[in-house]
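K.L.:
take a look and give me a structure for this.
(3 chains)
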Amino acid sequence: MRKILSGVCILAFCLAQTGCWDYLELETLSFVMAAGIDVGSDEGLTLTVETLEVKGGEPTDMSPYVTTTTGITLFNALRNVTNVSGKQMFFGHSHAVAFSEELARKGVGEAVGFMQRDVGVRTNMWLCVVRGSAAKDVFTADAPLGTSIGDYLNRVMMLQRRNPTFIPVQIWEFNRALNEVGLSPVLPAIEIIEIDDRKIPLVQGSGVFKRDRLIGWLDAQDSRVLSYLRLGKVTGVLATEMEYQGEKERIAAEVMTSRVELKPYWENDELSVAITVNLQVGLHELGFATFDYSRPELKRMAEEALARELKEDIERLIRTLQQDLKVDVVGFGALIKKKVPSAWRKVEKNWEEEFAQLPVSVRVAVLITGTGTLAKPLTGRP
Amino acid sequence: MQEVVAPRSGMATLVLMLMGSSIVYGVGKQAGADTWLAVIAAMILSVPFILVYARLVDLDPNNDIFQTLEKALGKLVAWTAAALYGWYALLLMYNSVNNLGNFIAVAGLVETPRAVPRLFLLVITLAAAKLGVEPLTRWSTLFLIVVVGISVFAFALVSEEIDYSNLQPILYDGIGPVAAGTFSTMAFPFLEAVLFIFIGAAYRGQGGARQVMLWGHLIAGATILFIITNTLAVIGPDVYRIQYYPVYGAASRIDVGGIFTRLEITVTFIFLATTFVKITVCLIAAARCCGYLVGEPRYTYLLTPLALSGIVGTFWLAEGTLEMEAMALQVWRPMQLVLQIILPVIIWIVAEIRLKSPKQQKAPQS
Amino acid sequence: MRPLLQRLLGRKDPPGAHSLYFSSSIRKIREQLQSVTFAGDDSIVYRAFLTAGPHPRECFLVYPEGMTDNAFVSEYVIKPLSREYLPPRLRGEELAAFLTEQVLPVNAVEERTVVSEAVDQILTGDAALFVDGCASAFIIPSKKLTIRPPMEPQSESVVRGPREGFSESLAVNITLLRRRVRSSQLKFSYLTLGRQTHTKVAISYIEGIASPAIVEEVRKRISAIDIDSIIDSGYIEELIQDAPLLPIKTIGHTERPDIVAARILEGRVAVLVDGSPVALTMPFLFVETLQANEDYFKHYALASLDRLIRYICLFLSTSTPAIYLALVAYHPILIPTRLAVSIAASRQGVPFPAVVEVFVMGLLFEIMREGGVRLPGPIGQALSIVGAIVLGDAAVQAQIVSAPMIIVVAITAISGFAVPRLYGVMIILRILFSLLSAVMGLYGYFCGVILVTVYFMSIRSFGVPYMVNFTAFDLQNIKDTAVRSPWWVMRLRPKLIARRNPQRYRKEAPS
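P.N.:
So this is what the prediction gives:
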């Protein structure tokens, strides 16, 4: 009996004397949906957070609310937000963080490191770079469909598969690319464009990083190809121009299954990489009214046109990377290290130069396996 | 005092004990991408020592380990061994409590005083130790299933992120890091099974300690290998090396269609459950050793002071995660070498010779 | 001699027992009964009569009013005896033999020479016959029991299955049991308990199936009971159970003979108590709290599903408030974004912190349950309406509690009712888990779960580990744990209880 009593006393003492330290009330939190980081005045940072402010009652009213503060570092700025808004910033449900171009050129390692380290931030938050304007401006833009910008960015990133004009990157991926040798990070780019007097933060293209510093951009087309190579699969729509019976028209196909293979070779002290792309596509759009794809030779013609286009795209991207940017964002180095470690040992020291010289061969094979619901072109008669 | 434990339950306890705090921290980080190799190598290299431990338990099926030692090696050696292992068990307990306490302080309860989670842990450990070895082992059989189930489930959910090419290239940095990783994995966690000798008396007579410890060791090895390899494949060797809690990091990557996310808390449960078993085993081992030292085979009354010493002891041992890391290298390594390898082997050899020789065999009978 | 010896030794006479044995003088007997043993008790009837013939002898009958069949006594005792001629030389044992063998046309006449034994018999409703010249009482089995017929117990009604329930009479209950197990191996052994009540208790088991160690343990524990009264089997349950720390049942109780029959056929021991319609069965394992007898009459797939639901309910009822509290107050990161925001919205303007809400609402619900449980139907309904409207709707409307909290309380309550046998434990666990959650979030909750499960593991019910089905993972044990396997699969009895004679179901008839 005395034991039980003393146990109860200890428990009561624990509860009453010391209380609940990490206890927090949900309604005292501000749910951050997204954040933007700019370079501020005098060596500091400017942090813009978009929070979801909730008002009770029926039906629940939730509206995005944007606050901006400054601080010497990100952590510092983050705590400063509390004083401005009177609520604790809660990053657990945040979707995205946008860096301004200026900041990205100075280096984002500090900020990303902080976010990876802090347990309050989930590492599957999306990262992106704002091209041409301040990160702050993203949050003053008009979110399509009247949602929060964070929510909008999240949805765009999730739908990347359907239109891969950028590569979605989460904090952990960026961090891993920073850590891994032979792989440079990229982040999706946001441009603020105007459509019908509405400012829309459009996600397309990529910012290319060397270590944690932004050194250049890839346009939407190159980003699409980079996405194929990095994610190992071709998704979205392939479109090309084709000549048939003296006419030049466009055809477009949707990728059904794809295999992208990057294979390094080490022969006679010569390093090379072969890229093989195998595609099965469904032909979905035709410029010609009379192109009868049911005939094998015509089908092959369309396949070749698509393959040629993709091959050229890949080669252009490699050229851009090797000659203009000189950064291995595809991860050839990491691949070589894994597959032919003996070769990597030799080139590891000066990989940057080696990468610029690396011979890359591209082979694309396309097979049209479907044509939607139509067996013949719309005007079936030749 | 002698409780009878089914071999399977004893096995489960050993498995959970070995998993305790090793999967919190990750093992063999020195080996980088070859950690999985280091785990396999450590698992195989540990087997002879595990057999030695089991043999020590089985030496004399009627006495407890200290009486065996006393008979074979004399009172002084038995006394020294009890003192050393009691000390080791206590330190290992502080260390494991520290590991989990730090994890909780870093991953969840940032503002809570660090003594509070530790106190909670020590209190449940104390309660379990008071209830005896037998309930603990039966608890282990149930929760081994839960723990393995959760880990398989978690990695099944994160399967999209598993990329075994992260394990390549094999042996890129040569055999050195792998060897380092192997030895550190042997010392932590595999050969910590040495403490199992001191609670081992319970399952004797039902198939022997060898079966229990060998199978427990192998199952623990397989489970740790499964968890560590998949963790490595998910987060990559470079991140594995720099993270304090790589398994937790891997689990936080679970995201199936935006519905099954944020499941890392289930991994927290694994950490808690396995560390709990480890601490309890350490506590019982420490109490038994101390019980022998003070000449009192009934050890239960020693449990409370020993457990409560942990509140102070954990802070005395190390402040924060950084110091833990540093200490793991400097202090533990030599101590582990002596207590896990040298001492048991010497004791075993001498004991075998002494106990086999006819003189010694007659003496206790008369 | 004996009383003299007793007085010599200075021992005090127990009240009401002047002399241990009946004297041979009928007047003395009557005087002793009337003015000592049953002094002041008006409900005892003394019917004196004389035998026929030249030397009429004085006889008298003693029986408690209302408990004895009057017609039976007058027809088969008074009538034949008053017509009989008893020669004066017929005395003592000869008389006794003559009476039992020739005069009384009653199936079982017992002779008692010890006063206290005869008194015990009289108090059960039998009539005692005294004949002058014979120093003993003849016990005539003339009980007229007014007992409740075996009807379906309200607390354990089933949709399908037998409708009989135990009644308050031990004899009837034994009949009910024996009707189900017509085997000579079914044993009942009697004990009498209670210094005042002298309650008859029967330990029942099937020899050859039940483990003798458990039977012995039960007998030992019951015989060790020294209490003045046993009104219901609940007394015995509390006095012999293991693990008294938490209200964990380590002894099963039921009002249904079919359940008792099933349990003793699994090798368990049943204890029936006279005057109580509730039989105890032991050992009682944790799984049984999650089993219902209907499981065994239903299709096994449906029964297994029900059982699974009960496990989920057990989890929900003990853990919902704790987990809700932990998530809301410590780990909002773990709540899906939309849900987190909507909980935050519904908590806007609520004056109390979540932890206060959890405990106050929990308390209010328990008050409502306790208030309503013993009310007759119509009033109970009124209570539940008040509870539902006032506590549920109006409180949310007035923003005194948040809507999610109401849902949490509702889930807790409903799932609690699905496992009624664990209700008491669940309340305590719920409070414990909520407290730990309030201090350390999910870490505290996990600590609580570990603590409680280890404690459960340490419990034994009559030597059998309480949680045995959850730790001894062989197929045989699991078959009736998480699922209810079909009978043809459960061929063997539960291992740890019935070590002997394990076979339950045979595919082919033995040749």
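
K.L.:
run a quick neighbour tally on A:Pro144.
P.N.:
Counted by other C-beta atoms under 10 Å in any protein chain shown, the residues lying close to A:Pro144 total 15. To be clear about C-beta, it is placed using only N, CA and C from the backbone, and glycine gets the same treatment.

K.L.:
whoops, I mixed them up, B:Ala156
P.N.:
B:Ala156, neighbours per other C-beta under 10 Å, totals 12.

K.L.:
now do whatever helix or strand it lives in: distance to the chain's middle.
P.N.:
According to DSSP states H and E, B:Ala156 maps onto helix B:133-157. Helix B:133-157 has its C-alpha centroid displaced from the chain centroid by 15 Å (C-alpha atoms, centre = their mean, to the nearest Å).

K.L.:
pLDDT of the very next helix or strand once past that helix, averaged?
P.N.:
Using DSSP H and E, the helix or strand that follows helix B:133-157 towards the C-terminus is helix B:175-187. Averaged over helix B:175-187, pLDDT sits at 90.

K.L.:
what ranges do the helices span in the stretch 51-200 of chain C?
P.N.:
Listed in chain order, the helices found in the stretch 51-200 of chain C under DSSP state H, counting those that start in this stretch are C:70-73, C:79-83, C:92-98, C:115-124, C:170-180.

K.L.:
CA atoms only for the first one, dumped as PDB, please.
P.N.:
Backbone C-alpha positions of helix C:70-73 (Å, rounded to 0.1, in the frame of the first residue of the first chain) are rendered in PDB as follows:
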ATOM      1  CA  ASN C  70     -46.500 -30.000   4.000                       C
ATOM      2  CA  ALA C  71     -48.500 -32.600   2.000                       C
ATOM      3  CA  PHE C  72     -45.400 -34.800   1.600                       C
ATOM      4  CA  VAL C  73     -44.700 -34.700   5.300                       C
END
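
K.L.:
now that helix: how far from the chain's centre is it?
P.N.:
Between the centre of helix C:70-73 and the centre of its host chain there is 34 Å, according to C-alpha atoms, centre = their mean.

K.L.:
picking that back up, just checking, what packs against the helix holding B:Ala156?
P.N.:
With contacts defined as 3 or more C-beta pairs under 8 Å, 6 or more residues apart in numbering or on different chains; DSSP states H and E, the packing partners of helix B:133-157 are helix B:7-19, helix B:115-131, helix B:208-235, helix B:264-293, helix C:423-458, helix C:468-471.

K.L.:
and the residue in the stretch 1-150 of chain A positioned nearest to chain B, what does it touch?
P.N.:
Checking the stretch 1-150 of chain A residue by residue against chain B with C-beta to the nearest C-beta singles out A:Trp21 as nearest, at 4.1 Å. A:Trp21 makes contact with B:Leu109, B:Glu111, B:Thr112, B:Pro113, B:Val116, according to C-beta atoms under 8 Å, 6 or more residues apart in numbering or on different chains.

K.L.:
how many other residues sit next to C:Ser155?
P.N.:
A count of nearby residues for C:Ser155, using other C-beta under 10 Å, gives 11.

K.L.:
all strands for chain C, in order.
P.N.:
Assigned by DSSP state E, chain C shows strands spanning C:44-50, C:58-64, C:110-112, C:127-131, C:137-140, C:186-193, C:199-206, C:252-254, C:269-273, C:279-282, C:460-461, C:464-465.

K.L.:
of all those strands, which one is nearest chain B?
P.N.:
Ranking the strands of chain C by proximity to chain B (C-beta to the nearest C-beta) places strand C:464-465 first, at 6.6 Å.
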